[in-house]
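S.K.: what's the 3D shape of this:
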Amino acid sequence: MAKVQRIGILTGGGDCPGLNAVIRAAVRTATRDHSLEVLGIQLGFEGLLMKSCVPLTNELIRGILPKGGTLLRTTNRGNPFEYPVGDRCEDRSAEVIKNIRELGIDGIIAIGGDGTLKIAQRLFEMGIPMIAVPKTIDNDLAATDFTFGFMTAVFVATDAVDRLHSTAESHNRVMVLEVMGRNCGWIALYSGLAGGADIILIPEIPYRPEAIIESIRSRQSEGSSFDIIVVAEGAKRVGGEERYIDRRSRRLGGIAYQVADEIGREINQEIRVTVLGHIQRGGSPIPFDRLLATRFGKAAADLIAHGDFGKMVALRGEQIVAVPIRDAVSNPKYVDINGELVGTARSLGVSFGDGL
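M.R.: Below you'll find the predicted structure:
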């Protein structure tokens, strides 16, 4: 195998706190420890179709550690295997492979979530040397204990729960907070439990409006005059479907308003809805995510320099390890509805809208 000399780094999918920390650590390690040349690929895999690359030097990455977003910019619509052209999609993967070779790139570090990692695995199977770094605020990749960005999102969501508490109590209101979480309810569970929410609705446990109403009335009978409901955007009622802002693009959103409408007919309290949205994904990463992202970036640069391709860096306990990318994308990490966290919440009187 030829010695690795020039590598590329890209960020794919949605932005996430800690992306710049990964880029910084990977560039510093690659240039200082392994004497590699590093190209930054802009706008994810789409940048490989346009050959949109910039040299990543230590001077260019100076000061980016605490910054949100990504220096390289990103997109979640640049899948080269299903690239949108008008009202149809084309497979432009051969063009990507051709451009990688013309750019003289000996390996790529792809930073992203499930979608980005699946693209990376397919390109690896086609002969492109790939290393993956797991990024998603949803924390839904089973191969790693945590993904960077998740804890920052939990911090932001918990702060919102804290702030809603005071206004809910002041006005005797029911506050419904919608947080991100398409298929997995980790953000809702962590922030709801940490913020002292009364009801937490997650995709893994379909809810019944009657059970939510019963929980609110039960708290009223105990003297409580307000309630906090945290709901993941992918939550759904028993027998129901996910709520979409745009079904064609599968953009989730609006479940909080549905819950408010379902319970508003039966309870004699004001209900207010807050949709946290992209606030969870923006801004500076908290120290946990900065450290995790830095460790991931360093480990990814080491793997690519040593030619250990087809791997994803992951956190297992206290250690950073390498696992096959294919294993990382094969099984999502859902909330265990019989696990310790859900059990703890139930013991504290938190309702999951299922009547248990």
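S.K.: going forward, measure contacts between C-alpha atoms and count neighbours the same way
M.R.: Noted.
S.K.: for the helix or strand containing residue 231, what is the average pLDDT?
M.R.: If you go by DSSP states H and E, residue 231 is part of strand 227-232. For strand 227-232, the mean per-residue pLDDT is 97.
S.K.: which helices and strands does it pack with?
M.R.: Packing partners of strand 227-232 (3 or more CA pairs under 8 Å, 6 or more residues apart in numbering; DSSP states H and E): helix 150-171, strand 174-179, helix 186-195, strand 199-201.
S.K.: adding mean neighbour count, mean pLDDT and distance to residue 291, write these out as JSON lines.
M.R.: Output for the helices and strands packed on strand 227-232, formatted as JSON lines (neighbours: other CA atoms under 10 Å; pLDDT from 0 to 100; distance: least, CA to CA, whole Å):
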{"stretch": "helix 150-171", "mean neighbour count": "20", "mean pLDDT": "95", "distance to residue 291": "11"}
{"stretch": "strand 174-179", "mean neighbour count": "27", "mean pLDDT": "96", "distance to residue 291": "24"}
{"stretch": "helix 186-195", "mean neighbour count": "25", "mean pLDDT": "98", "distance to residue 291": "20"}
{"stretch": "strand 199-201", "mean neighbour count": "28", "mean pLDDT": "98", "distance to residue 291": "29"}
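S.K.: make a markdown table from the ones you listed and add distance to residue 44 to it.
M.R.: As requested, the helices and strands packed on strand 227-232 are arranged in a markdown table below (distance: least, CA to CA, whole Å):
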| stretch | distance to residue 44 |
| --- | --- |
| helix 150-171 | 21 |
| strand 174-179 | 25 |
| helix 186-195 | 25 |
| strand 199-201 | 33 |
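S.K.: list of residues touching the very next helix or strand once past the strand holding residue 231?
M.R.: The helix or strand immediately downstream of strand 227-232 is strand 244-246, counting by DSSP H and E. For strand 244-246, the surrounding residues in contact (CA atoms under 8 Å, 6 or more residues apart in numbering) are 250-254.
S.K.: repeat for stretch 187-198
M.R.: 137-138, 150, 153-155, 157-159, 161-162, 179-181, 199-202, 227-232, 341-342, 345, 349-351.
S.K.: what does stretch 107-121 give?
M.R.: Under the criterion CA under 8 Å, 6+ apart, residues 4, 6-14, 19, 79, 81, 128-136, 141, 300-301, 304, 310, 325-326, 329 lie in contact with stretch 107-121.
S.K.: now do stretch 323-335
M.R.: Contact partners of stretch 323-335, identified using CA under 8 Å, 6+ apart, comprise 114, 117-118, 121, 132, 139-144, 183-186, 204, 310-314.
S.K.: can you show me the CA trace of it as CSV?
M.R.: Backbone C-alpha positions of stretch 323-335 (Å, rounded to 0.1, in the frame of the first residue of the first chain) are rendered in CSV as follows:
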residue,chain,number,x,y,z
VAL,A,323,-14.8,-0.1,15.0
PRO,A,324,-15.8,-1.0,11.4
ILE,A,325,-18.0,1.6,9.8
ARG,A,326,-20.4,-1.1,8.7
ASP,A,327,-21.0,-2.1,12.3
ALA,A,328,-21.6,1.5,13.3
VAL,A,329,-24.4,2.1,10.8
SER,A,330,-26.1,-1.4,11.1
ASN,A,331,-27.9,-0.8,14.4
PRO,A,332,-29.4,2.4,15.7
LYS,A,333,-29.2,3.0,19.4
TYR,A,334,-32.7,3.4,20.7
VAL,A,335,-33.7,4.3,24.2
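S.K.: in that stretch, what's buried?
M.R.: Of the residues in stretch 323-335, those buried by neighbour count under the rule 16 or more other CA atoms under 10 Å are 323-326, 328-329, 333-335.
S.K.: sorry, back to before: strands - which of the contacts of stretch 107-121 land there?
M.R.: Within the contacts of stretch 107-121, residues falling in strands by DSSP state E are 6-11, 130-134.
S.K.: only whichever of the residues you listed are buried, select them in ChimeraX.
M.R.: Typed into ChimeraX, the line below selects the buried ones among these, using 16+ other CA under 10 Å:
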select :6,7,8,9,10,11,130,131,132,133,134
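S.K.: can you name the two of the ones in strands among the contacts of stretch 107-121 that are farthest apart?
M.R.: The span of the ones in strands among the contacts of stretch 107-121, defined through CA to CA, is set by 6 and 134 at 21.9 Å.
S.K.: and the helices in the stretch 201-350 of the chain, which stretches?
M.R.: 209-221, 255-264, 287-305, 325-330, 340-347 (DSSP state H, counting those that start in this stretch).
S.K.: these two touch, right, residue 15 and residue 72?
M.R.: No. Counting by CA atoms under 8 Å, residue 15 stays clear of residue 72, with 10.4 Å between them.
S.K.: could I have the CA atoms of the strand holding residue 231 written out in PDB?
M.R.: Presented in PDB, the C-alpha positions along strand 227-232 are these (Å, rounded to 0.1, in the frame of the first residue of the first chain):
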ATOM      1  CA  ASP A 227     -46.900  20.900  34.200                       C
ATOM      2  CA  ILE A 228     -43.800  20.600  32.000                       C
ATOM      3  CA  ILE A 229     -44.000  18.300  29.000                       C
ATOM      4  CA  VAL A 230     -40.800  17.500  27.000                       C
ATOM      5  CA  VAL A 231     -41.600  15.800  23.600                       C
ATOM      6  CA  ALA A 232     -39.100  14.500  21.000                       C
END
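S.K.: sheet partners, orientation included, of it?
M.R.: Strand 227-232 has the following sheet partners, assigned by DSSP bridges: strand 174-179 (parallel), strand 199-201 (parallel).
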